[in-house]
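Undergrad: Sequence first, predicted model second:
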Amino acid sequence: MKRSDDLLVGLDDIDWAALGHANGSAEDVPGQLRAVCGPDEEARENAFRSLFGNIFHQGTRYSASPYAVPFLTRVAVAGPASARADALLLLTRLAVDWHDEYDLPLGINTAAWRAAAISPEETMRWYDEQIAAETDVERLKSLREGRAYCAAGHPVDSREGALRSYDAVRAQLPVLLELLGDQDLEIRTKTAYLLGWFPEEADATLPALLACLDGERDPVCVATVLVAVGLLADHDPDDRLRYHLDHEHPVPRWAAATALTRLLVVHPAAAHGLPPAEHIAAELASFGAGPTPECVTAHHDGDLHSYTVRSLLHLMGAAEDPDAVLLDIVHALPRIEQTAYVPRPLAVRAEELLDALFNPDDTVPAFTELSRGRRELLKVLAELLPAEDFQSMPFGSDLHERFTQYGLPGTRPALRAYVGLSTEGEDPTAPLPDLWETLRKH
């Protein structure tokens, strides 16, 4: 496949006008795919931008989305050099959108996803039942329109719609596996990242990932492969992960510790062959306390300190001294960075930590009676979290509710007073900022 017509064989056999995307009919998708394969660089960039906005709109997949997958796969394998990495990125998003934020460090749970998805057949039965019982004319019209939309093949349940694209990419994995041996470093790395999200294909993908690991020298690609292996395996294959704990570069060491954490938590039966939890935690702690390396993997949109915090939180249950691991988490918190996908990552991590460490049924003791780890955690949060992070949703976070749920002060001034920090310049009785007015001004 070298020419654009080779890459797009079968494109016109699809009734794109009958398919849909975020902006209505998908009849514009063939032109965008042709532009992706064409010689005009500006047109190619605009086409990718359009595809990201229509067949993958803010994480939503549509009836047209899985039909684009085979063509994007061909582009990733043999398309124009400047289009291949973007095709891989779009394939990844079509498969798993931003699962980094809610499925790491333990990996994607496809069984739960499939169980939760509502099939078109179930949806049609529901519509038929509702239509048979409905007497209101306007609601009956709405129900019939919804049924017709579903009958035309458009996904109604977002989980089911996303699964269509996920499975379309899954079907292309035998072809995409070959890219682990590609001459282009970016292609190898992006392929390794993609493969980590398909646990149902682990038997086929793990050998290819391990073969890639044998010959790879780039530390970021090595790290990406290691994380993928950890997400797919149920043991440490030939001690590869343990071996990379001693890698000369910090990112592969972090990746090996991250992968081993997942194995230790998800597959405790394999624990006897793994390094002790304290050894793994020490490597993660070393990484978490340091600055962000110049080059990082794509996980958590490059915010590996967030990933580290989540891994350490899972390790607390396996460690002999959980409070020591909590202190390691505290040291990593100031290093967490804002990303394009999570603009307030520290607030999100704080919610997770409060949920894991405090019980709503308990009476919170005086600050001095808390363990050292919990004292240091609350102190760091009081220092780092701005007042607006205590603003309630939709414009803030759930932090105010989280703190008060666990009997802790729900505003920054009150929290600072509780942990013994200065409240000078802060009014504990002042209302939280009106973020809606702030947004309107900007």
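TA: Here it is on my side, so go on.
Undergrad: wait, doesn't Asp103 sit right on Trp113?
TA: No - with contacts counted by Cβ atoms under 8 Å, Asp103 stays clear of Trp113, the gap being 9.4 Å. Where you see a C-beta, it was placed from the backbone N, CA and C, and this is true even at glycine.
Undergrad: Return the residues in contact with the residue sitting nearest the centre point of the chain.
TA: Nearest to the mean C-alpha position of the chain, by Cα atoms, centre = their mean, lies Asp100 at 1.5 Å. Asp100 makes contact with 299-301, 341, according to Cβ atoms under 8 Å, 6 or more residues apart in numbering.
Undergrad: Widest-spaced pair of these?
TA: Using Cβ to Cβ, these span at most 11.4 Å, a distance reached by His299 and Tyr341.
Undergrad: neighbour-wise, which of those two wins?
TA: For His299 versus Tyr341, neighbours defined as other Cβ atoms under 10 Å are more numerous around His299 (22 against 14).
Undergrad: check contacts around that one.
TA: Going by Cβ under 8 Å, 6+ apart, His299 touches 100, 104, 193, 224, 227, 307.
Undergrad: switch to 6 Å and redo it
TA: The contact partners of His299, taken as Cβ atoms under 6 Å, 6 or more residues apart in numbering, are 100, 307.
Undergrad: what's the distance between it and Phe52?
TA: As for His299, its distance to Phe52 is 20 Å (criterion: Cβ to Cβ, to the nearest Å).
Undergrad: Surely His21 and Ser65 touch.
TA: No - contact criterion Cβ atoms under 6 Å: His21 and Ser65 do not qualify, at 7.2 Å.
Undergrad: More neighbours: those two, which one.
TA: More neighbours surround Ser65 than the other of His21 and Ser65, with 31 against 26 (other Cβ under 10 Å).
Undergrad: Now do that one against Leu260, distance only.
TA: Note on Ser65: its distance to Leu260, by Cβ to Cβ, is 35 Å.
Undergrad: buried ones in the strand or helix carrying the residue nearest to the centre of the chain?
TA: Assigned by DSSP states H and E, Asp100 falls within helix 99-103. Using 16 or more other Cβ atoms under 10 Å as the test for burial, helix 99-103 gives 99-101, 103.
Undergrad: pLDDT and distance to Ser165 for these - can I get that in JSON lines?
TA: Below are the buried residues of helix 99-103 laid out as JSON lines (pLDDT from 0 to 100; distance: Cβ to Cβ, whole Å):
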{"residue": "His99", "pLDDT": "91", "distance to Ser165": "13"}
{"residue": "Asp100", "pLDDT": "90", "distance to Ser165": "17"}
{"residue": "Glu101", "pLDDT": "88", "distance to Ser165": "18"}
{"residue": "Asp103", "pLDDT": "94", "distance to Ser165": "16"}
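Undergrad: picking up where we left off before, now could you export just the CA positions of the helix holding Asp100 as CSV?
TA: What follows is helix 99-103, C-alpha atoms only, in CSV (Å, rounded to 0.1, in the frame of the first residue of the first chain):
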residue,chain,number,x,y,z
HIS,A,99,-9.2,5.7,30.0
ASP,A,100,-5.8,6.9,31.4
GLU,A,101,-7.7,9.1,33.9
TYR,A,102,-10.1,6.5,35.3
ASP,A,103,-8.5,3.0,34.5
